[in-house]
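In: have a look at this prediction, sequence included:
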Amino acid sequence: MAEQQQQQKQPGFTTPNESAIYHEVSPRKILGLRIFNGFVLFFILLSFLICLVRGQVNKIDSSPDYILATNIIISSLVAGMVSWWYRTGVLGVEKYWFVILVGCVMIFQCLTTDIYVFHKQVHILPTPTPAPTTTVVTSSYTMANITNGTTIPSTPLLHV
């Protein structure tokens, strides 16, 4: 006990304060990560809502829209688990980049889902091809009968 008191009196030696907050990760990184996670959550909710609305509009062929909505929910649960693992320390404090990577993948998935949902399939009916056109050259001439000197009236001849 006397040694501890002597060490505390030496210059350069400090004892840890029990009420002090020690940060393993910068509070700015944590705030930035929370803002990014909120942005990802906004994309997920928007994409899920778009899938449900398009499913109601397309009553005849609505099953792909509902399947995409289910896929978004399942993927967001996985992304939420990764974020939760990071907050609880299971993932490790230096792995914040992995949370950002999973969030970027979720944003990409939401964007491609929205593009697919709003993609209108255009059915192009085959156009009949017109018949090939041919030019017909006609010429008329008169034939003279040499034997009796009569003229035959002109008749058109077809040349192809």
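Out: In hand now; what should we look at?

In: quick check: what element follows the helix ranked longest in the chain along the chain?
Out: Looking across the chain with DSSP state H, the single longest helix is helix 27-57. Downstream of helix 27-57, the next assigned helix or strand under DSSP states H and E is helix 63-88.

In: helix or strand right after that next one?
Out: helix 96-118.

In: and that following helix, what does it pack onto?
Out: When contacts are defined as 3 or more CB pairs under 8 Å, 6 or more residues apart in numbering; DSSP states H and E, helix 96-118 packs onto helix 27-57, helix 63-88. For every residue, glycine as well, the C-beta is placed using N, CA and C.

In: V117 is nearest to which of those helices?
Out: Among the helices and strands packed on helix 96-118, the nearest to V117 by CB to CB is helix 27-57 (4.8 Å).

In: now that closest one against helix 96-118, angle please.
Out: Put simply, helix 27-57 runs at 20 degrees to helix 96-118, going by axes from the mean of the first three to the mean of the last three CA atoms, to 10 degrees.

In: next, the buried residues of helix 27-57.
Out: By 16 or more other CB atoms under 10 Å, the buried positions in helix 27-57 come out as 30, 33, 36-37, 40-41, 43-44, 47-48, 50-51, 54-55.
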